[in-house]
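Undergrad: My questions concern the predicted model and sequence given below.
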Amino acid sequence: MSNRGTVDDDYLERVRASEEQPPPPAPARVLMFVLCFALFLAGFYLMGLAVDTAEIWLFTVGILASGGAFFVGLTTARHL
């Protein structure tokens, strides 16, 4: 046990671990996020437009676009 007023090694290790910051994301990851997010929102827009116009093919394209953006974002994030 350490005396009051002294700093022990466990405390120093906790402080050092809390001060470490992860590296900033690569520009390719940021670009991939922006593109996937735009495609995801475009898919929602197409689904909403399909409800107004009663077009099933447009709704299907919206679902495929949103699902595809989600899939691409999850599968390529590890490789960038």
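TA: That came in fine, so what should we check first? Residues are numbered from 1 along each chain as shown.
Undergrad: helices and strands around the helix or strand hosting residue 51, which ones?
TA: Assignment of secondary structure by DSSP states H and E places residue 51 within helix 27-53. With contacts defined as 3 or more Cβ pairs under 8 Å, 6 or more residues apart in numbering; DSSP states H and E, the secondary structure elements packing on helix 27-53 are helix 56-76. C-beta: built from backbone N, CA, C; applies to glycine.
Undergrad: Tell me who's in contact with the residue nearest to the spatial centre of the chain.
TA: When Cα atoms, centre = their mean is applied to the chain, the residue found nearest the centroid is residue 33 (6.6 Å). Under the criterion of Cβ atoms under 8 Å, 6 or more residues apart in numbering, the contact partners of residue 33 comprise residue 73.
Undergrad: distance of it from residue 11?
TA: 37 Å (Cβ to Cβ, to the nearest Å).
Undergrad: rewinding a little: just the buried residues of the helix holding residue 51, please?
TA: Taking 16 or more other Cβ atoms under 10 Å as the neighbour-count basis, helix 27-53 is seen to contain the buried residues 32, 36, 39, 40, 43, 46, 47, 50.
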